[in-house]
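Trainee: Have a look at this prediction, sequence included:
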Amino acid sequence: MEHEHGHSPAEIAARIGAPAGRGHLRDIVYGGIDGAVTTFAIVAGVAGAGLSTGVILALGVANLLADGFSMAAGNYSGTKAERDDTRRLARVERRQLALDPQGERREIREILRRKGLRGDVLDRAADQIASDETAAVALMLTDEYGLAPVEPRPLRAAMATFGAFVAAGSVPLAPFVLALPGAFGLAAGMTCAVFFGIGAAKSLWSEAPWWRSGLETLAIGGAAAGVAYGVGVFFAV
């Protein structure tokens, strides 16, 4: 069932006045899938090579901490660069509004014309927005540069990626930590369940059926794990 929202004046004012932004769905899905894939790839590769449980745990934990932190740091840097670029372009537009207000008004008018405004309404709207620096810059960022109206948050994005990476990546290691019999088979089954679960949950934000999204993610993760296991077996021979 798709998410619905109300259209009372108060609901509209609250929703438009404080947009949620892009959120952290991408960061969580990215971190979760990569955490499960890379950790199980290590488990599969080491198991395929016939090495001990101690080696599996050592490499798996090292991957959780090092690769998880690396991914979080990379996401932080990338998101911060995106935010800094947005701020740079905002400064450019503010400077242009001061130096060439008529040229910027023509840009605003063209943006509004493409949105369907015509005639006197178009001219009055362009004048009104051009006279408000905040509104004019926001319009330019979204319609001239194609940027999101809300700035991304680098630290929160990094924390979401790291948390999802560690949570999902811990699953393949759990049977070995608990010294369960048939640990590799359990790790494989639990990791497949994680892949499928991430894909199924992702369907809440897409139009794909939950089972199709789950199977797609399972196929991607399973392929990566299969390659790692094959490499381990090859070098063990």
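Mentor: Received it, and whenever you're ready, just let me know what you need.

Trainee: C-alpha from now on. contacts and neighbour counts both.
Mentor: Will do.

Trainee: This protein: strands as residue ranges?
Mentor: Read by DSSP state E, the chain holds no strands at all.

Trainee: Would you point out the helix or strand in it whose mean pLDDT is lowest?
Mentor: helix 9-17 (a mean of 66; mean pLDDT, DSSP states H and E).

Trainee: Trp205 versus the residue nearest to the spatial centre of the chain, what's the distance?
Mentor: Nearest to the mean C-alpha position of the chain, by CA atoms, centre = their mean, lies Arg26 at 1.8 Å. Applying CA to CA, to the nearest Å, the value for Arg26 to Trp205 is 11 Å.

Trainee: Show me which residues of stretch 26-46 are buried.
Mentor: Within stretch 26-46, the residues scored as buried using 16 or more other CA atoms under 10 Å are 27-46.

Trainee: From these, which land in helices?
Mentor: Mapping these onto helices (DSSP state H) picks out 27-46.

Trainee: Where do the helices of the protein begin and end?
Mentor: 9-17, 25-48, 53-99, 101-114, 119-130, 133-143, 154-170, 174-177, 183-202, 210-236.

Trainee: other SSEs contacting the longest one?
Mentor: Helices and strands in packing contact with helix 53-99 are listed as helix 25-48, helix 133-143, helix 154-170, helix 174-177; criterion 3 or more CA pairs under 8 Å, 6 or more residues apart in numbering; DSSP states H and E.

Trainee: CA-only coordinates of the first one in CSV, if you can.
Mentor: Once non-C-alpha atoms are left out, helix 25-48 reads as follows in CSV (Å, rounded to 0.1, in the frame of the first residue of the first chain):
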residue,chain,number,x,y,z
LEU,A,25,17.3,4.8,2.5
ARG,A,26,20.1,4.7,-0.1
ASP,A,27,22.8,4.8,2.6
ILE,A,28,21.2,2.0,4.6
VAL,A,29,20.6,-0.3,1.6
TYR,A,30,24.0,0.4,0.2
GLY,A,31,25.7,-0.3,3.5
GLY,A,32,23.6,-3.4,4.3
ILE,A,33,24.1,-5.1,1.0
ASP,A,34,27.8,-4.4,0.9
GLY,A,35,28.3,-5.5,4.5
ALA,A,36,26.5,-8.8,3.9
VAL,A,37,28.2,-9.4,0.5
THR,A,38,31.8,-8.6,1.6
THR,A,39,31.7,-10.4,4.9
PHE,A,40,30.1,-13.5,3.4
ALA,A,41,32.5,-13.3,0.5
ILE,A,42,35.3,-13.6,3.1
VAL,A,43,33.6,-16.4,4.9
ALA,A,44,33.0,-18.2,1.6
GLY,A,45,36.5,-17.6,0.3
VAL,A,46,38.2,-18.8,3.5
ALA,A,47,35.9,-21.8,3.9
GLY,A,48,36.4,-22.7,0.2
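
Trainee: That one to helix 183-202, inter-axis angle?
Mentor: Put simply, helix 25-48 runs at 160 degrees to helix 183-202, going by axes from the mean of the first three to the mean of the last three CA atoms, to 10 degrees.

Trainee: Helix 25-48 packs against which elements?
Mentor: By 3+ CA pairs under 8 Å, 6+ apart, helix 25-48 packs against helix 53-99, helix 154-170, helix 183-202, helix 210-236.

Trainee: In terms of pLDDT, where does Leu204 sit?
Mentor: Note on Leu204: pLDDT of 79.

Trainee: quick revisit: identify, out of the helices and strands packed on helix 25-48, the most deeply packed stretch.
Mentor: helix 154-170 (a mean of 23; mean count of other CA atoms under 10 Å).

Trainee: Pull the residues that contact that one.
Mentor: 24, 27-40, 64-65, 68-69, 71-80, 83, 194 (CA atoms under 8 Å, 6 or more residues apart in numbering).

Trainee: any weak-confidence spans in this protein?
Mentor: Across the chain, residues meeting the criterion (pLDDT under 70) sit at 1-5, 11-23, 236-237.
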